[in-house]
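1. Pasting the sequence and the predicted coordinates here, then a few questions.
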Amino acid sequence: MRIACIQMEVGDRPKSEHIARAEKLLERVEEADLVLLPEVWNIGYFSFDRYRPESEAPGGETAERMSSMARKLGTYLLAGSWITREEGGKLFNTSFLFDRNGDLVAKYRKIHLFGYGSRETEILEGGKEIVTHRTDFGTIGIATCYDLRFPELFRKMMSMGTEIFLVVSGWPFPRLEPWILFNRVRALENLAFLVSCNCAGVNRGVRFCGHSMIVDPWGKAVAAGGDEEEVITADIDKDMVTRAREEFPALRDIVFPP
């Protein structure tokens with residue numbers, strides 16, 4: 001199967017320009033089975049003053065246009081995340097997965113909100129539900145940015161049958177080395193693929209570190225981006241997870257101390 005990560009340059013532009021840019025980048029992707037966009041790409045993760053006024057209902061403009069792109073391309077599209085307004089005006093950082101027909105098949109609200117140099121914990125509500133979804137190329141599990149620092153979430157998704165972790169992110173410099181480390185370790189310790197899509201560019205004076213990655217079950221990065229906007233692609237063998245778990249059955253030896 002072919003995977004593409006759109007490491008989009010996200011700045012301080014109007015939402016309409018970011019959406020149009022995402023559509024142009026998506027149109028460059030050829031015959032992918034799965035495409036990812038990054039975190040809060042339509043307004044910029046660090047644009048905290050825009051969170052409430054530019055939040056959307058779950059079926060708002062961004063969702064409609066990304067659904068249309070998934071249908072047009074005939075691909076699964078994890079359309080990154082954006083700020084949604086739900087449940088009495090509460091705001092969430094929500095990721096949307098559309099199938100090849102453009103139908104919404106999974107929605108994940110970011111569980112671990114980030115408070116270090118960020119207003120996310122002040123403005124948003126944290127999600128409560130771990131989300132996995134069975135596709136025609138295997139079971140995927142969805143996570144967002146700061147979630148990468150919490151191995152318990154990924155272990156739980158693995159126990160729910162996940163073979164491919166999908167991570168959308170707005171991870172900034174200077175924390176590039178932890179980003180690379182977490183991407184590889186979360187894949188290796190669960191003998192699963194991990195696909196991450198991070199932002200590039202500068203938003204509210206903060207530079208994103210890019211380096212989106214496609215990591216195999218042995219922790220090897222089979223594709224990785226640099227600092228700037230680009231599309232990362234790789235062809236992977238989805239059966240590699242099964243083979244790796246049979247060859248090195250460490251997951252059978254998990255023991256949770258009392």
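-> Everything's here; your move.
2. Quick check: the residue nearest the centre of the chain vs Q7, distance?
-> By Cα atoms, centre = their mean, the chain has its centre lying nearest to V168, at 2.0 Å. The spacing between V168 and Q7, counted by Cβ to Cβ, to the nearest Å, is 11 Å. Where C-beta positions appear, they are placed from N, C-alpha and C, glycine not excepted.
3. Mutual contacts of these two, please.
-> Between them, V168 and Q7 share these contacting residues under Cβ atoms under 8 Å, 6 or more residues apart in numbering: 38, 197.
4. before we move on, back to that, look up phi and psi at the residue nearest to the centre of the chain.
-> phi -100, psi 140 (degrees, to the nearest 10).
5. could you measure it against A221, distance?
-> With Cβ to Cβ as the criterion, V168 and A221 are 18 Å apart.
6. before we move on, what about K90?
-> Counting by Cβ to Cβ - K90 and A221 are separated by 37 Å.
7. repeat for E129
-> 29 Å.
8. Could you check which of those two has the larger neighbour count?
-> A221 (17 against 8; other Cβ atoms under 10 Å).
9. rewinding a little: which strand residues bridge the residue nearest to the centre of the chain?
-> Beta bridges link V168 to T144, C197 when assigned by DSSP bridges.
10. could you show me where the helices are in the stretch 1-150 of the chain, in order?
-> For the stretch 1-150 of the chain, helices defined by DSSP state H, counting those that start in this stretch occupy the ranges 15-27, 61-73, 120-123.
11. In the second one, which of the residues would be classed as buried?
-> Okay, so that is helix 61-73. Burial within helix 61-73, assessed by neighbour count using 16 or more other Cβ atoms under 10 Å, is assigned to 62-63, 65-67, 69-71, 73.
12. Who are the packing partners of that helix?
-> Packing partners of helix 61-73 (3 or more Cβ pairs under 8 Å, 6 or more residues apart in numbering; DSSP states H and E): helix 15-27, strand 76-86, strand 90-98.
13. what's the answer for the first one, then?
-> Using 3+ Cβ pairs under 8 Å, 6+ apart as the contact criterion, the secondary-structure elements in contact with helix 15-27 are strand 2-7, helix 61-73.
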